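Engineer: how does the following fold in three dimensions:
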Amino acid sequence: MSKKYVIAIDQGTTSSRAIVFDHAGEVVSVGQKEHEQIFPAAGWVEHNPEEIWVNVREVIGTALSKANLTRHDIEAVGITNQRETTVVWDKNTGEAVYNAIVWQDTRTQDIVDALAADGGIERYKEKVGLPLATYFAGTKIKWILDNVDGARERAEAGDLLFGTTDTWVLWNLTGGPESGVHVTDVTNASRTLFMDLKTLSWDKQILADFGVPASMLPEIKSSSEVYGTVASNQLLREVPVAGILGDQQAATFGQAAFTAGTAKNTYGTGCFLIFNTGTEIVNSTNGLITTMAYKLGDEAPVYALEGSIAVAGSLVQWLRDNIGMIATAPEIEELANQVEDNGGVYIVPAFSGLFAPYWRSDARGAIVGLTRFANKHHIARAALESTAFQTREVLDAVNADAEVPLTELKVDGGMVANEQLMQFQADILGVPVVRPKVTETTALGAAYAAGLAVGFWKDLGELEANWSEDKRWVPAMGEEERERSLRLWKKAVTRTFDWVDEDTKA
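Structural biologist: Sure thing, here's the model as predicted:
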């Protein structure tokens, strides 16, 4: 019998990738292509949905070609995606009515304020686990319906569909206007502001409050089941699509964090710490959100607490593309290594306001503590340290909400290759930081979900056996220095508050 594989489509914020995995959970081949980041106005972030779909098809071909595989070698397809990013399209033509509005986009603040006028930003939190914020998909759908000519009328006539990018990719992959499957999984549904965490169904009253027709919404399914098969005009034709997980939940799944009390932190465009709370819904009182971790077929849903940080790797990208301080992202570590500390410089990258644990939409980015002594090396170091500081604040919130404090942190994502950052992360947390051998945990989690559904892997125990440690960083900073650094960081954070006034355009 020939060897079989699972392919994962990772539709991320900056690129789309297809990764082929073998039964041991090892990467066999990768196809990747970046898509354009569109900034029409201050605070607006968009992607072209058609470009994303074209790129997805291309990277599938690249991954198969590199491994010399065909569809006959692939047992299942899994999908993972940038969560909250919102696409609205015509079900009859397959054409998007507007660009995808990205999770980082802040244009919907007026919608948030209007909805929060009755009950505050936690108006729906007990039911959906989320505060009212521009981050989530619900306000983005409403903005499209309110601002794109004819969109509301077409939606009410039943002609428009909504989906996060998992749904957009799945619908196109399974046939688009002819036979496209309009489905999402519980993890992505839990990022809309519309899904009741207890019933795992769309809440009719919240939809009415937002003015969003229920006919637009995809059917909510588990994270691991066969949703449909790839259409006959695609390279992977007839292969079952059998797993969907939002990117952070997928990374958690790929890290084999299956039991209550386990956690992971992903360092990507943003930074996201997810803490598994098992089958219990834990409502945070410390600025975290309650979300789905995963649901496997007919099994009970698993929940999580999440600390969402808007800007991590994208700060390095900003220093590269907007400021021109570096030519490539890895140069940030080379610059930072030239100095022993940050020289008193702190960067709070509140480009889209502050997410967890503050949820301050009025905040904007700041570089503080500058003196004539400070140079680009200190700024580079402060940029890396900002991610570690933000993670510490999120972890403090997790420890305050959870009954069992976290004793070590599993990490993944592009920034975990940065040795200096990982050591500083361990130092500022005061607990070990652990990197797995396979760091492509987001795509791996989607592959696992799909593979479980078709019997490629038999159970979670088999997946746990695949996980292995690559490197561990242990704290080397003294408690006094740690507390001093945290005190200065928190002082820097307060300097970003209340920046946006009524007449502020950004």
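
Engineer: what about Ile332, how many residues nearby?
Structural biologist: For Ile332, the tally of surrounding residues (other Cβ atoms under 10 Å) stands at 26. Heads up, the C-betas are built off the backbone N, CA and C, glycines and all.

Engineer: per-residue confidence for it?
Structural biologist: In this prediction, Ile332 carries a pLDDT score of 89.

Engineer: in the helix or strand it falls within, what's buried?
Structural biologist: For Ile332, the host element (DSSP states H and E) is helix 331-336. Within helix 331-336, the residues that qualify as buried by neighbour count (16 or more other Cβ atoms under 10 Å) are Ile332, Glu333, Leu335, Ala336.

Engineer: nearest to Val20, of these?
Structural biologist: Proximity of the buried residues of helix 331-336 to Val20 was ranked by Cβ to Cβ; the top entry is Glu333 with 29.4 Å.

Engineer: quick one, what contacts that closest one?
Structural biologist: Ala380, Leu384, Asn418, Glu419, Gln420, Leu421 (Cβ atoms under 8 Å, 6 or more residues apart in numbering).

Engineer: ok so, going back, need the buried residues of helix 331-336 in TSV with distance to Val239, can you?
Structural biologist: Formatted as TSV, these follow (distance: Cβ to Cβ, whole Å):
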residue	distance to Val239
Ile332	39
Glu333	40
Leu335	45
Ala336	44
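
Engineer: what two of the contacts of Glu333 are the furthest from one another?
Structural biologist: Distances among the contacts of Glu333 were taken as Cβ to Cβ; the most separated pair is Ala380 and Glu419, at 14.4 Å.

Engineer: neighbour count winner among the two?
Structural biologist: Set side by side, Ala380 and Glu419 give different neighbour counts by other Cβ under 10 Å, the larger being at Ala380 (27 against 13).

Engineer: ok, back up a step: now the element after the helix holding Ile332, going C-ward?
Structural biologist: Immediately after helix 331-336, counting by DSSP H and E, sits strand 346-348.

Engineer: the helix or strand that that following strand is followed by: which residues count as buried?
Structural biologist: Downstream of strand 346-348, the next assigned helix or strand under DSSP H and E is strand 366-368. For strand 366-368, the neighbour count (16+ other Cβ under 10 Å) marks Ala366, Ile367, Val368 as buried.

Engineer: thinking again about what came up before, can you put the contacts of Glu333 in TSV and add distance to Tyr358 and pLDDT?
Structural biologist: As requested, those are exported to TSV (distance: Cβ to Cβ, whole Å; pLDDT from 0 to 100):
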residue	distance to Tyr358	pLDDT
Ala380	25	93
Leu384	21	92
Asn418	25	87
Glu419	29	88
Gln420	26	88
Leu421	22	91
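
Engineer: any idea which element Val169 lies in?
Structural biologist: Going by DSSP H and E, Val169 is in helix 165-173.

Engineer: what packs against that helix?
Structural biologist: Contact analysis of helix 165-173 by 3 or more Cβ pairs under 8 Å, 6 or more residues apart in numbering; DSSP states H and E lists strand 5-11, helix 49-66, strand 74-81, strand 86-90, strand 160-164, strand 183-185, strand 240-246 as its packing neighbours.

Engineer: and that helix, how far out from the chain middle?
Structural biologist: What separates the centre of helix 165-173 from the centre of its chain is 17 Å, taken as Cα atoms, centre = their mean, to the nearest Å.

Engineer: ok, residues contacting it?
Structural biologist: In this structure, residues lying in contact with helix 165-173 by Cβ under 8 Å, 6+ apart are 9, 11, 49, 52-53, 56, 77, 79-82, 85, 87, 89, 94, 100, 161, 163, 180-185, 188, 218, 227-228, 230-231, 234, 236, 241, 244, 246.

Engineer: rerun at 7 Å
Structural biologist: Helix 165-173 is touched from outside by 9, 11, 49, 52-53, 56, 79, 81-82, 85, 87, 100, 163, 180-184, 188, 218, 227, 230-231, 234, 241, 244, with contacts defined as Cβ atoms under 7 Å, 6 or more residues apart in numbering.

Engineer: what do you get for stretch 373-382?
Structural biologist: Outside of stretch 373-382, the residues within contact range by Cβ under 7 Å, 6+ apart are Met325, Ile332, Leu335, Ala336, Gln338, Val339, Asn342, Gly343, Val345, Tyr346, Ile347.

Engineer: can you put the residues you listed in TSV and add distance to Val28?
Structural biologist: As requested, the contacts of stretch 373-382 are arranged in TSV below (distance: Cβ to Cβ, whole Å):
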residue	distance to Val28
Met325	37
Ile332	30
Leu335	35
Ala336	34
Gln338	38
Val339	40
Asn342	41
Gly343	45
Val345	43
Tyr346	42
Ile347	38
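
Engineer: pull the contacting residues for Phe389.
Structural biologist: Taking Cβ under 7 Å, 6+ apart as the test, what Phe389 contacts is Ile428, Trp489.

Engineer: please report how far it lies from Gly307.
Structural biologist: Using Cβ to Cβ, to the nearest Å, one gets 13 Å for the distance from Phe389 to Gly307.

Engineer: how many neighbours does Glu403 have?
Structural biologist: By the measure other Cβ under 10 Å, the count of residues near Glu403 is 9.

Engineer: tell me the secondary structure for it?
Structural biologist: Of the three states, Glu403 takes coil under DSSP: H, G, I helix; E, B strand; the rest coil.

Engineer: where's it relative to Val212, distance?
Structural biologist: Going from Glu403 to Val212 by Cβ to Cβ gives 37 Å.

Engineer: also Pro432?
Structural biologist: Distance, Pro432 to Val212, by Cβ to Cβ: 45 Å.

Engineer: what of Ile144?
Structural biologist: Taking Cβ to Cβ as the measure, Ile144 falls 10 Å from Val212.

Engineer: need the contact list for Gly287.
Structural biologist: Gly287 makes contact with Ala356, Pro357, Tyr358, Trp359, Ala397, according to Cβ under 7 Å, 6+ apart.

Engineer: now do the same for the third one: its pLDDT.
Structural biologist: At Tyr358, the pLDDT value in this model is 88.

Engineer: show the contacting residues for it.
Structural biologist: Shown in contact with Tyr358 (Cβ under 7 Å, 6+ apart): Gly287.

Engineer: start the count at 544 instead of 1 going forward.
Structural biologist: In the new numbering, first residue 544, that becomes Tyr901.

Engineer: coming back round to it: Ser1028: which of the contacts of Glu876 is nearest?
Structural biologist: The closest of those to Ser1028 turns out to be Leu927 (Cβ to Cβ; 13.3 Å).

Engineer: for the stretch 894-1043 of the chain, give me the ranges with low pLDDT.
Structural biologist: Of all residues in the stretch 894-1043 of the chain, none has pLDDT under 70.

Engineer: do you have the helices of it handy? List them.
Structural biologist: If you assign secondary structure with DSSP state H, counting those that start in this stretch, the helices in the stretch 894-1043 of the chain sit at 919-944, 962-972, 984-997, 1003-1009, 1022-1037.

Engineer: quick one on the thing from earlier: can you put the contacts of Glu876 in CSV and add distance to Arg1015?
Structural biologist: Below are the contacts of Glu876 laid out as CSV (distance: Cβ to Cβ, whole Å):
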residue, distance to Arg1015
Ala923, 25
Leu927, 19
Asn961, 15
Glu962, 12
Gln963, 16
Leu964, 15
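
Engineer: for Glu699, what are its contacts?
Structural biologist: Pro756.
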